[in-house]
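# How does the following fold in three dimensions:
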Amino acid sequence: MWRRSTPTSGVADRRLPSSSASSRARYAAIGGTSPLTARTRGQLAALGAALERRAPGRYRTYYGAKHAAPKIEAAIDEAARDGAAGVIGLVLAPHYSVLSVGEYLGRAAAAAAAAGLPAAFLERYGADPVLVTLLAERVGAAIEALPPTSGGR
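Have a look, this model is predicted:
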């Protein structure tokens, strides 16, 4: 956020918006950085390994983020430099929202078009019966693993 320090000075003030203090406090409470990038990279590695088992040498996975490096566009550019024939995009969030998943996919589509790569995207998969069953089984197993005194059972 850029604000002028006075209405007539013309000097840009690079102070962070007031919400940044609360953001810093939230990050400090979880150890200074979000675990999301590491978890996402772990999911990406597992997806890559599963694809490799099903179709050896056919697919490569790339990581691109919306707000941090490497950005979505950089991941698409890397795929193009690596000789990709196309892009299949998946946002690792099992919900769909135009403002979140939609923005990821829009940016990826624009980057793929600019690189001359055909692109297809998985937009909505959170209600897929296979995923719902898997999550239900894992939640059930986690509840069963709780000690009786924890209030979980």
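# got the domain boundaries for this protein?
If you go by automatic domain parsing, the domain ranges for the chain are 34-122, 124-153.
# start to end distance for the first one?
Read that as domain 34-122. Domain 34-122 has an end-to-end distance of 25 Å (CA to CA, to the nearest Å).
# next one: it to chain centre, how far?
Taking the mean of its C-alpha atoms, domain 34-122 sits 9 Å from the chain's own mean (CA atoms, centre = their mean, to the nearest Å).
# picking that back up, give me whichever of the domains of the chain is most buried.
domain 34-122 (a mean of 14; mean count of other CB atoms under 10 Å). Where C-beta positions appear, they are placed from N, C-alpha and C, glycine not excepted.
# Average pLDDT for that one, rounded please.
Mean pLDDT, domain 34-122: 93.
# quick revisit: out of the domains of the chain, which is closest to R26?
Closest to R26 of the domains of the chain, according to CB to CB: domain 34-122, at 9.2 Å.
# coming back round to it: want to throw the domains of the chain into TSV with distance to A28?
Putting the domains of the chain into TSV (distance: least, CB to CB, whole Å) gives the following:
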stretch	distance to A28
domain 34-122	12
domain 124-153	28
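# Doesn't A120 lie inside a strand?
Yes: under DSSP: H, G, I helix; E, B strand; the rest coil, A120 sits within a strand.
# Skipping its backbone neighbours, what lies nearest it in space?
The shortest distance from A120 to any non-neighbouring residue, by CB to CB, 6 or more residues apart in numbering, is to I88 (5.3 Å).
# Next, the one you found: phi, psi?
phi -120, psi 120 (degrees, to the nearest 10).
# surely it meets L117?
No: between I88 and L117 there is no contact under CB atoms under 8 Å: 10.4 Å.
# Look at A21 and report its pLDDT.
Looking at A21, its pLDDT reads 81.
# what's next to the host helix or strand of it, contact-wise?
A21 belongs to helix 19-29 when assigned by DSSP states H and E. Helix 19-29 is contacted from outside by T33, S34, using CB atoms under 8 Å, 6 or more residues apart in numbering.
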